[in-house]
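In: Give the three-dimensional model of this entry:
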Amino acid sequence: MIKILLSAGHGAGNIHNRGGLYFNEGDNNYYYSLILKTELEKYNNVVVNLVRKNINDNPQINDRSKMGEGYDLYFSIHSNAAGSTVRGTEVWDSVETPNKTLAQAICDATADLFNHNNRGVKHREGQPGFNYYGELRFNKAKSAMIVENGFHTNHDDCLFFKNNHELIAKAQAEVIAKHYKLDKRKIEDEISSWAKDAQQWVIENRVSDGTNPKSNVTREQLWQMLYNYHRRVNGNG
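Out: Okay, the predicted model is just below:
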C-alpha cells in the first residue's frame, strides 16, 4: 500500500494571496489538492491524506514536516511568484531524501501541460546536508518535494492553473501512479464517494485491505475482519 500526503501550501483568504493575479494562492492550492486526491484514488493500493483537511487549516511549516512520517510521498502544492513575464514549472526535491526520477517526471509532465518553461528539479540546502525549506527539512516521508505549478504572477500560468485543476491532476496522478507501479481501478472496484472515509479507516486500522469494495462478503471474511478489529483494539494487531 502506497501512502501519499498532499500538502496544499499556505492558508485561506487574502492574507495568502502571495501576488496571485486571479486567485489567492492558498485557496487555489487547497482546491487543487482535493482534485488531485480524487485522481490518485482512482488507482489501487494507494491511501491519500491531506495536510489541510478543510480550507481554513494552515499548520505551521515544522508541523507539516512532522506529518510526513510514515508516508511514501509528501507532495507539497504551490505556485510561484516573480516578474509578470516569468513562466515555468519547477520542483524542489528534498536534499535529505531525494527522488530525482519522480521529481523530474512531475516537472516534465506539468511543464508540457502548461506549455511553458521547464525550470527543472532543484535542491536548496540550509545547513550542509539539510533542506532550506522547512516543509522538507527533517521530513520523514520516504520522498518529499515542493511542486511549483507555474507562476501565479504571470497571466497565462495563473489562469491555466486556476481553470485546469482536473487536467493537471490527472497528468500528475498518472506520473505518480507510474512511478509507484499503481494500476488503475476497474469500474467495479471504484469506491463510492460516501464510503471513502470508511475505506481509509479500515485500511489504517488493519481491519481490511480496502480492496474489492463492490464484492459480496462471505461469513468467513466478516469473521476475519471482526477478529482483526478485536486484535487491533486490544493491542494485538
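In: can you list the domain ranges for the protein.
Out: 2-179, 189-233 (automatic domain parsing).
In: residues touching residue 2, list them.
Out: Contact analysis of residue 2 by CB atoms under 8 Å, 6 or more residues apart in numbering lists 45, 46, 47, 72, 73, 180, 182. Heads up, the C-betas are built off the backbone N, CA and C, glycines and all.
In: now, which of those residues lie within strands?
Out: By the criterion of DSSP state E, membership of the contacts of residue 2 in strands covers 46, 47, 73.
In: hey, what's residue 144 bridged with?
Out: For residue 144, the beta-bridge partners are residue 74 (DSSP bridges).
In: Now do the same contact list for residue 12.
Out: Contacts of residue 12 by CB under 8 Å, 6+ apart are 24, 26, 27, 30, 55, 56, 58.
In: picking that back up, which member of the ones in strands among the contacts of residue 2 is positioned nearest residue 88?
Out: Distance to residue 88, by CB to CB, is smallest for residue 73 among these, at 22.6 Å.
In: low pLDDT regions in this protein?
Out: The chain contains residues with pLDDT under 70 at 187-190, 193, 211, 214-215, 236-237.
In: for it, what spans make up the strands?
Out: Under DSSP E, the chain gives strands at 2-8, 46-50, 73-80, 89-93, 118-122, 143-151.
In: Tell me what angle the third one forms with strand 143-151.
Out: Going by axes from the mean of the first three to the mean of the last three CA atoms, to 10 degrees, strand 73-80 is angled at 20 degrees with respect to strand 143-151.
In: now swap in the fourth one and tell me
Out: Orientation check (the same axes, to 10 degrees): strand 89-93 against strand 143-151 gives 160 degrees.
In: List of residues touching strand 89-93?
Out: 80, 99-100, 103-104, 106-107, 110-111, 114, 116-124, 133, 136, 145-150.
In: With the fifth one instead?
Out: Contact with strand 118-122 is made by 88-93, 100, 103-104, 107-108, 111-112, 148, as judged by CB under 8 Å, 6+ apart.
In: go with 7 Å
Out: 88, 89, 90, 91, 92, 93, 100, 103, 104, 107, 108, 111 (CB atoms under 7 Å, 6 or more residues apart in numbering).
In: Could you find which two of those are furthest from each other?
Out: 88 and 100 (18.3 Å).
In: Compare those two (neighbour count), which wins?
Out: With neighbours defined as other CB atoms under 10 Å, residue 88 and residue 100 compare such that residue 88 has more, 20 against 12.
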